[in-house]
Every structure is written in structure tokens, then in C-alpha cells.
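> No letters, just coordinates:
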């Protein structure tokens with residue numbers, strides 16, 4: 001056990017996966033033999049986190065609660081929050097402030113799947129004494145993601161979906177933050193697409209000199225497109241998550 005709280009962000013419209021998501025939440029789609037969201041839950045519980053908030057949209061809240069219940073079947077306790085509009089990852093994380101109640105938080109985007117256990121990453125984050133930590137992974141299409149630029153092993157900036165990426169290191173959907181993340185979120189202005197961007201949160205931690213990073217050892221992929229969903233199915237089948 002540790003004092004980290006867990007947050008799974010499972011909202012959004014998933015328009016790129018229609019018609020699969022016309023009547024269900026993307027995070028409830030099957031990956032291997034389980035609903036996609038199970039993988040995030042198992043990663044958090046496996047890292048000793050038992051208090052988990054699930055943030056989802058109003059359209060599918062009932063389905064999510066019906067599937068997950070209280071958390072008893074997973075060895076944890078669930079709290080639920082509704083994100084009324086798709087206003088960005090940082091906005092969704094902002095809804096967790098009361099739940100987190102001053103504790104550090106480990107945030108997972110529910111459509112990100114990966115092989116590594118989070119246990120070592122949790123230990124490293126708790127050992128750094130506050131601030132933030134992001135997990136990175138080299139990918140062949142970094143322009144689809146936030147991209148981290150490193151200098152001597154330290155993150156010097158994150159660029160959101162760059163046309164000409166300065167590195168191949170994608171910022172995965174796994175973030176560690178201390179409670180000051182909520183002070184940062186309150187200062188954010190919507191981006192050009194009308195959302196509060198998690199990249200702006202990460203760059204503020206970098207500006208403050210309190211951002212650390214790890215590079216994932218095993219595979220990682222998002223599952224937000226038909227191509228990446230198919231890719232994840234193969235990864236889970238051939239090299240199951242730890």
C-alpha cells in the first residue's frame with residue numbers, strides 16, 4: 001500500500017472508433033478477453049493503489065458503473081465522476097481534486113495499454129519527494145502524441161503533436177503528479193481546440209524544475225484508432241501485460 005490515489009480517465013467521444021462507440025464507451029470495448037478499462041485497473045491495483053477514481057462521460061456512466069461496481073471484485077474501491085463535456089485531459093483531471101484531497105496521484109488514460117508493471121515507477125516517484133513524473137516510449141509515429149525532448153536525461157520540453165518531432169519519445173498516458181497540479185490546472189487557458197491540455201501542465205512542471213521521467217521497457221500503445229486498437233489486440237495476445 002502507498003498514499004498514491006489512482007485516477008483513470010475514461011471519457012471522450014471516441015469519434016475515431018465509430019460505429020463501435022456509437023452505443024458504448026470506448027473503454028468498455030474488448031481487448032483480448034477483457035474490457036479495455038480492466039487493464040488500467042489491474043495496473044493500479046498491482047502497484048498497491050486501492051483508492052481509484054474513474055472519470056467518464058454522462059452518456060455511458062451507467063454502463064461503466066454496472067461493469068465495475070464498487071471495486072470489490074478488483075480488490076479496490078471506486079469513486080465515479082462525470083465529465084459533462086470533452087474539455088481535455090487536464091479538465092478531466094481537475095474533477096479529481098476533491099477525491100485526491102492533497103495526496104499525490106497516478107493518472108492513467110484508459111485507452112493506453114502497456115506491458116510494464118507500475119510498481120517500480122511508483123517507487124521511483126514516491127522517492128523523488130514531490131513534483132511530477134511522466135512515462136515515455138519511443139514510437140515510429142511521434143507526431144500523433146505529445147513528444148518529450150530530453151537533455152542529459154531530463155525533460156526540457158513537451159510539444160503536443162508536432163509536425164516535425166524533435167524526438168521519438170511519446171508521452172504515454174501515465175502521469176504522476178503532486179497536489180500542486182490543481183493550482184496549475186486552475187491557471188490554464190483552453191488551447192486552439194478548446195481543451196485544457198495536459199501538455200501545458202507538464203511544461204509548467206518542467207518550468208518549475210520538478211519534472212522527472214522514465215522510459216518504459218516493454219510495449220506501449222494507445223487504442224484510440226482502428227489501427228491502434230488492432231495493434232493492441234496483437235500485443236496483448238503475444239506478450240501479455242505484467
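Arrived safely, thanks for sending. These numbers come from a predicted model, not from an experiment.

> any low-confidence regions in this protein?
Scanning the chain with the threshold set as pLDDT under 70 gives 1-2, 13-14.

> what about the helices in it?
36-46, 61-68, 89-94, 97-100, 119-128, 181-187, 198-207, 226-238 (DSSP state H).

> Identify the residues contacting stretch 28-40?
Contacts with stretch 28-40, where a contact means C-beta atoms under 8 Å, 6 or more residues apart in numbering, come from 8, 10, 17, 20-21, 26-27, 54, 60, 63-64, 67-68, 108, 110-113, 223, 229, 232-233, 236-237, 240-241. Quick note: C-beta positions are derived from backbone N, CA and C, even for glycine.

> Specify the residue positioned farthest from the middle of this protein.
residue 152 (25.4 Å; C-alpha atoms, centre = their mean).

> quick one: that one from residue 133, how far?
Between residue 152 and residue 133 the computed distance is 17 Å (C-beta to C-beta, to the nearest Å).

> same thing with residue 242?
Relative to residue 133, and taking C-beta to C-beta, residue 242 is found at 19 Å.

> neighbour-wise, which of those two wins?
residue 133 (24 against 14; other C-beta atoms under 10 Å).

> Can you spell out which helices and strands pack onto the biggest strand by length in the chain?
Of all the segments assigned as strand in the chain under DSSP state E, the longest by residue count is strand 169-177. In this structure, strand 169-177 packs against strand 105-109, strand 112-114, helix 119-128, strand 132-138, strand 146-151, helix 198-207, strand 220-222, with contacts taken as 3 or more C-beta pairs under 8 Å, 6 or more residues apart in numbering; DSSP states H and E.

> what's the most buried one of those?
strand 112-114 (a mean of 25; mean count of other C-beta atoms under 10 Å).

> what does that one rub up against?
For strand 112-114, contacts defined as C-beta under 8 Å, 6+ apart pick out 31, 36, 39-40, 43, 137, 172-174, 216, 218-223, 232, 235-236, 241.
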